[in-house]
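Undergrad: Return atomic coordinates for the entry below.
(2 chains)
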Amino acid sequence: MASSQSKRRAVVVGGMRTPFLKAFTDFTRLDTIALGVAATRALLAKHDLPYRAVEGVVWGGVILPAGAPNVGREIALDLKLDPAAEAMTVTRACASGLQAVTLAAAAIERGEADVMIAGGSDSTSNASVQLPQQLVHAFAPLALGKPTPGDYLAALAKLGPVADLVPRRPQIAERTTGEVMGESAERMAQRWEITREAQDALALRSHQHAAAAIASGRLAGEVTKVDVGDGKWVHTDGLVRGDTSAEKLAKLRPAFAKDGTITAGNASPLTDGGAAVLLMSEERAKALGYKPLAAFRSWAYVGVDPADQLLIGPALAVPRALDRAGITLADCDFVDLHEAFAAQVLCVVKAIGSAAWARARLGRDTAVGEVDPARLNVRGGSIALGHPFGATGARMVTTMANELAASGKQHAVLGICAAGGLGAAAVLEAV
Amino acid sequence: MNDVLLTLSKSPAARNVLGALKLPIPLPEPLARGDGAWVARPLEGATVVLGGAGKAELLPAITGALAEAGATILVDDDARVAALRDAAQAHARPVRADVADAADARDRIQALVFDATGIETVDGLRAAYEFLHPRVGRLARSGRVVLVGRERASDAGAQANAVRAALVGLAKALAKEIGKKGATANCVAVAPGAEGRLAPVLRWLCDPRSAFVTAQPLAVTARAKLPGGNGKAASTPYVRPLDGKVAIVTGAARGIGRATALALAAEGARVVCLDRAEDSKDTSELARQIGGTALLVDVTAADAPAKILEALGERGVDIVVHNAGITRDKTLARMKPEHWDAVMAVNLAAVVRITDALVPRALRDGGRIVCLSSVSGIAGNVGQTNYAASKAALIGYVDALATQLAPRGITANAIAPGFIETRMTAAIPMMIREAGRRLSALGQGGLPEDVAQAITFLASPGAQGITGSTLRVCGGALIGA
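TA: Residues are numbered from 1 along each chain as shown, chains lettered A, B, ... in the order given. Next up is the predicted model:
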């Protein structure tokens, strides 16, 4: 694990991403590989990287194409990188992108590589609509064997009511609990007593910060234009609404419970996009003449019971990563929390600020600390920008690395919640 | 073995018919029991109302314990909400006031828990009435009432001591009133210095796994040392609590012994299943099923202790359950000496000899000894002078053992089952069997699993505060109470 004592430090040289667009809009015809290619191509172009420099690609994704699940390898081949560069693809739900980046950082720290590309992408628009398993199992013998007419009848007899056989749209439901993620977030909001107003206020901030970052050109350096065919190019994020207001958000109807608090306005939308990060060992970056943006100090991954508080993971992962980094929350100049739902961010912030939580769940007497709103998600978050599952981690790493480099500040901590009750965190430090 | 009334009561149609006929047959309420191994949050989604009198110093700990178990916490008094908020927030549960006009006030209550430790005077007792009176009607089927008080002590203030005794009477009487809906009422007395040991006990009493324990006083004390120094209550394991432990159960082939071996194994223990060679088939099958070991030994044999020590090996044992027992019923005048001797040999002498061998050489610090006593030992039964004497003996035995072994963090307890549906009780003549079932607060017999769960609880790390005591698993049997 990274620590200030390690000999080798993994540094972030740069990061680029595609614009993030609402699913089933302009990116519909780009699959997750194409989105990854777009982000990585821009990254390579921006840093003018020699052809043979890249030693490996680590990619993160959630909805993996069935025919080519090793998205990282497909990206490398499509970009005509040196075939000698190895590649893998990892999945850890919404923390997949961060997982890819920290795996690359680990490989660099261990001396396995000096130059790695890591990132993630997801195309919700291209999630395959699956046939129900019952149908597949019933008909597989017919498709794969030499069936007799009797076999056809037997297969039909195995089928249940027609309703079970209609292909369904994929839902973000927990496999073990059957609960849709929004319902889990709704329960967490009730348990932590998070109001609708507080959620809408956080969503509003997310849009305002993101809109300001776009307007000022701050995000231009990390977002590439993408060719979507027919001579059309997408230049900028499609979901940010700088002109939204507390009144507009307050009018939206609860999405998951009749008298609930979570709406389309204070949750992250289904999104298409990709993001890539260029990582190097500190020495190689210097040798090649790059000025790194930030270095990895530590990271942590945790699991919690998905039937309890599905999305509270960052409240355990953040303190663990801070401990490993040997710093406190107060030392962090930026706190970047993935906004799956405004409610979930507020629950995590409340847990981190609770001494009672610290005693029960971390075995320590004092709270991890109060999150200063002025340091939280300063360039907007997933509610405003969108959340292509696999890309979000790489987006956050890029934005925070740029933020540290531009501000001259010292530390940034990232926190991501993920399906399955997983939590992820990482600490970046100035180089 | 088949309880016709209980079967009928599970059918809504039969309940309606019997209700319409207005027959004077009280149908027992089928008890909600927890299936399978312990779970992290047995009270998930259940509403629990807490109350207290005076300072009610244990309420924050009670709140924390039940919030951790997944309960939605309501409290009797608005003024207490702020004080309890922190304890519940540790487990991300809010605390709200249970006041008449609140939306929650219509919710069914899974458990009513009252902290009476602040009551010092006879007048103060009224607070218990005021808490329970408006809420007992909202108690759910298979609900729970737990009164938490202080241990009775002859050197306490006379009024305070009266209050402490009063709580037991209140719980026992209430148990009989709410038993018809399958609900239980128990009373926990917490000794000074043992406050940190209350949470797991309270949790278990509110868990469906304590379904057949009612009308009981439980003492939580600091007698047995905490193993490994500062073992905080927060670190008590509630899922697979016996992971890494080794247990031995005598008489494991069937009935309560078998259920106990299964329950201990379900919580992670490796179980040595001991029974006589005649039961080798059942014992071996059980051992195979739970990944344990079969040990075919007659507990009364001279070499039994040596064989057990050998089977346990260097690793030793953490949990010893003395379950093997026999009956040889005859009135004393007709009882032959061999009947007396056989019962004493299996039920008592073997327990003492095996314990004497295990304690110095195999039983590990922080270990557990559980002896199967009987309500018959507490109350006495016609034709069971031998059996009652042997079973009552164990009550005294564990009390003294508890003192002896307390410095090593070992607890010793007895379990006194009431009417349990086993092969032994199925052989009792019908009228007597019916009386055994119905003359109890819950109006039905218990299952071997009910006893097994109580043993498993006493074997768990969370039961460090209970030692030297005899826990009745009797459905609130009227006899001997």
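
Undergrad: pLDDT at A:L135, what is it?
TA: Looking at A:L135, its pLDDT stands at 65.

Undergrad: Find the closest residue to chain A in the stretch 51-200 of chain B.
TA: Residue of the stretch 51-200 of chain B nearest chain A, by CB to the nearest CB: B:A90 (3.6 Å). Every C-beta, even on glycine, is put in place using the N, C-alpha and C of the backbone.

Undergrad: which residues does that residue contact?
TA: Going by CB atoms under 8 Å, 6 or more residues apart in numbering or on different chains, B:A90 touches A:354, A:356-357, A:359-361, B:64, B:67-68.

Undergrad: isn't A:R359 right next to A:D365, touching?
TA: Yes. Using CB atoms under 8 Å, A:R359 is in contact with A:D365, at 6.2 Å.

Undergrad: Need the three-state assignment for B:R288.
TA: Counting by DSSP: H, G, I helix; E, B strand; the rest coil, the backbone at B:R288 sits in helix.

Undergrad: circling back: which one's more surrounded, A:R359 and A:D365?
TA: More neighbours surround A:R359 than the other of A:R359 and A:D365, with 19 against 8 (other CB atoms under 10 Å in any protein chain shown).

Undergrad: need the contact list for A:T271.
TA: Residues near A:T271 by CB under 8 Å, 6+ apart: A:20-23, A:122, A:124, A:239, A:386-388.

Undergrad: B:A400 now?
TA: B:G468.

Undergrad: Chain A versus that one, what's the distance?
TA: The gap separating B:A400 from chain A is 37 Å, by CB to the nearest CB, to the nearest Å.

Undergrad: Would you mind measuring from that residue to B:I369?
TA: Distance, B:A400 to B:I369, by CB to CB, to the nearest Å: 12 Å.

Undergrad: neighbours around the closest residue to A:R110 other than its chain neighbours, how many?
TA: Using CB to CB, 6 or more residues apart in numbering or on different chains and skipping the chain neighbours, the partner closest in space to A:R110 is A:R8 (7.8 Å). Counted with other CB under 10 Å, the neighbours of A:R8 add up to 15.

Undergrad: Which stretches in the stretch 151-300 of chain A count as helices?
TA: Taking DSSP state H, counting those that start in this stretch, the helices of the stretch 151-300 of chain A run over residues A:181-191, A:196-215, A:246-251, A:282-287.

Undergrad: so can I have TSV of those helices showing mean pLDDT and distance to chain B?
TA: Output for those, formatted as TSV (pLDDT from 0 to 100; distance: least, CB to the nearest CB, whole Å):
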stretch	mean pLDDT	distance to chain B
helix A:181-191	95	5
helix A:196-215	98	15
helix A:246-251	96	22
helix A:282-287	96	41
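
Undergrad: from those, which stretch is densest packed?
TA: helix A:181-191 (a mean of 24; mean count of other CB atoms under 10 Å in any protein chain shown).

Undergrad: just the CA coordinates of that one, formatted as CSV?
TA: This file holds the C-alpha atoms of helix A:181-191, laid out as CSV (Å, rounded to 0.1, in the frame of the first residue of the first chain):
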residue,chain,number,x,y,z
MET,A,181,-30.8,1.3,-5.3
GLY,A,182,-33.1,4.3,-5.0
GLU,A,183,-35.1,2.4,-2.4
SER,A,184,-32.0,1.7,-0.4
ALA,A,185,-31.1,5.4,-0.6
GLU,A,186,-34.6,6.3,0.5
ARG,A,187,-34.3,4.1,3.6
MET,A,188,-31.0,5.6,4.4
ALA,A,189,-32.4,9.1,4.1
GLN,A,190,-35.1,8.1,6.6
ARG,A,191,-32.7,6.6,9.0
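
Undergrad: What helices and strands are in contact with that helix?
TA: On a contact count with 3 or more CB pairs under 8 Å, 6 or more residues apart in numbering or on different chains; DSSP states H and E, helix A:181-191 meets helix A:342-352.

Undergrad: ok, then the element right after the helix it packs on?
TA: helix A:355-357 (DSSP states H and E).

Undergrad: in that following helix, what counts as buried?
TA: Buried residues in helix A:355-357, counted by 16 or more other CB atoms under 10 Å in any protein chain shown: A:356-357.

Undergrad: who's in contact with the helix or strand that it is followed by?
TA: The C-terminal neighbour of helix A:355-357 among helices and strands, as given by DSSP H and E, is helix A:382-385. If you take CB under 8 Å, 6+ apart as the criterion, helix A:382-385 is touched by A:20, A:202-203, A:206-207, A:209-211, A:237, A:239-241, A:266-268, A:338-342, A:392, A:395.

Undergrad: Over to B:K330: give its phi and psi.
TA: Reported as degrees, to the nearest 10, the phi and psi values for B:K330 are phi -160, psi 150.

Undergrad: Can you get me a residue count around it?
TA: Count around B:K330 with other CB under 10 Å applied: 14.

Undergrad: need the contacts of B:A90 in TSV with pLDDT, can you?
TA: Below are those laid out as TSV (pLDDT from 0 to 100):
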residue	pLDDT
A:S354	96
A:A356	93
A:W357	94
A:R359	92
A:A360	91
A:R361	93
B:G64	95
B:A67	97
B:E68	96
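
Undergrad: and which of the residues you listed is nearest to B:A454?
TA: Set against B:A454, the nearest of the contacts of B:A90 by CB to CB is B:E68 (21.4 Å).

Undergrad: check contacts around the closest residue to that closest one other than its chain neighbours.
TA: Spatial nearest neighbour of B:E68, excluding adjacent residues (CB to CB, 6+ apart): B:H91 at 4.6 Å. Residues near B:H91 by CB under 8 Å, 6+ apart: A:360, B:64, B:67-68.

Undergrad: next one: A:T398
TA: Shown in contact with A:T398 (CB under 8 Å, 6+ apart): A:12, A:14-17, A:222, A:275, A:277.

Undergrad: Just send the contacts of B:H91 back as JSON lines, with distance to B:I479, secondary structure and neighbour count too.
TA: Listed next are these as JSON lines, based on distance: CB to CB, whole Å; DSSP: H, G, I helix; E, B strand; the rest coil; neighbours: other CB atoms under 10 Å in any protein chain shown:
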{"residue": "A:A360", "distance to B:I479": "43", "secondary structure": "helix", "neighbour count": "18"}
{"residue": "B:G64", "distance to B:I479": "38", "secondary structure": "helix", "neighbour count": "25"}
{"residue": "B:A67", "distance to B:I479": "38", "secondary structure": "helix", "neighbour count": "27"}
{"residue": "B:E68", "distance to B:I479": "37", "secondary structure": "helix", "neighbour count": "24"}
